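In: Return atomic coordinates for the entry below.
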Amino acid sequence: MKTILVAISLLVLGACTNAPQRYGISADNNTALRASGGRNISVGQFTKTAEFENNCRGIYGQLSLPDNMSFEGYIQKGLIDELKVAGMFDEKEPKVVLSGVIEKLAFSTLTRLTGGGSWDIGLRVNSSNGKSTYVSEHYEFDSSIQVWAACSQTANAYMPAVQNILGKLIKSPDFKALVAPTN
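Out: Numbering: from 1, shown residues only. As a prediction, the model looks like this:
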């Protein structure tokens, strides 16, 4: 009986560990940002219009983010971090402010018979200069038929999925127009 209670307790407590790591800068994104020529950029509010169910395989638990961040806040912070490292972020006297709307956000812990999972993110970015663009990412990762492993791998895959969507934004032909100040 004690063994069963311990096993159930570990399963329930393990549900709390389904959190992606903090955002990490992408070298490719940084290089692309520096090449874009933008300067004095700030980042405004990121919101989401997408319905998002963050339960991972039912009773196992919800995916949570570091520092109690929202999923859209994680993407917003990622963009801020990328801009800071590239030397382009300016919160005090920005020439342009970028804001975002997450229009699609979903994950699957088992999308193929071979054990793959995926994240789908759709992001609209609006500039204070009146320009706007939409980018999307379908990020596939290795998953598992084991519940605890699949949920952990799904959480761990969120950061590279966000790096990819931000990379698509930064490398988009529309990005230079987004960060160009109004005259």
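In: Could you check how far the residue nearest the centre of the chain is from residue 64?
Out: If you average the C-alpha coordinates of the chain and look for the closest C-alpha using CA atoms, centre = their mean, you land on residue 162, 3.3 Å from that point. To residue 64, residue 162 is 15 Å away according to CB to CB, to the nearest Å. Where you see a C-beta, it was placed from the backbone N, CA and C, and this is true even at glycine.
In: Can you pull out the low-pLDDT segments for this protein?
Out: Per-residue confidence for the chain (pLDDT under 70) gives these ranges: 1-19, 59-60, 111-115, 183.
In: Where do the helices of it begin and end?
Out: Per DSSP state H, the chain has helices spanning 2-14, 27-36, 71-85, 147-171, 175-178. These are given in chain order.
In: Of these, which is nearest residue 120?
Out: Distances from residue 120 to each of those were compared by CB to CB, and the smallest falls on helix 147-171, at 8.5 Å.
In: I figured residue 76 hits residue 45, correct?
Out: Yes - when contacts are counted by CB atoms under 8 Å, residue 76 is listed as touching residue 45 (7.5 Å).
In: related to what we said a few turns ago, so the residue nearest to the centre of the chain makes contact with residue 23?
Out: Yes - between residue 162 and residue 23 a contact is recorded at 6.6 Å, counting by CB under 8 Å.
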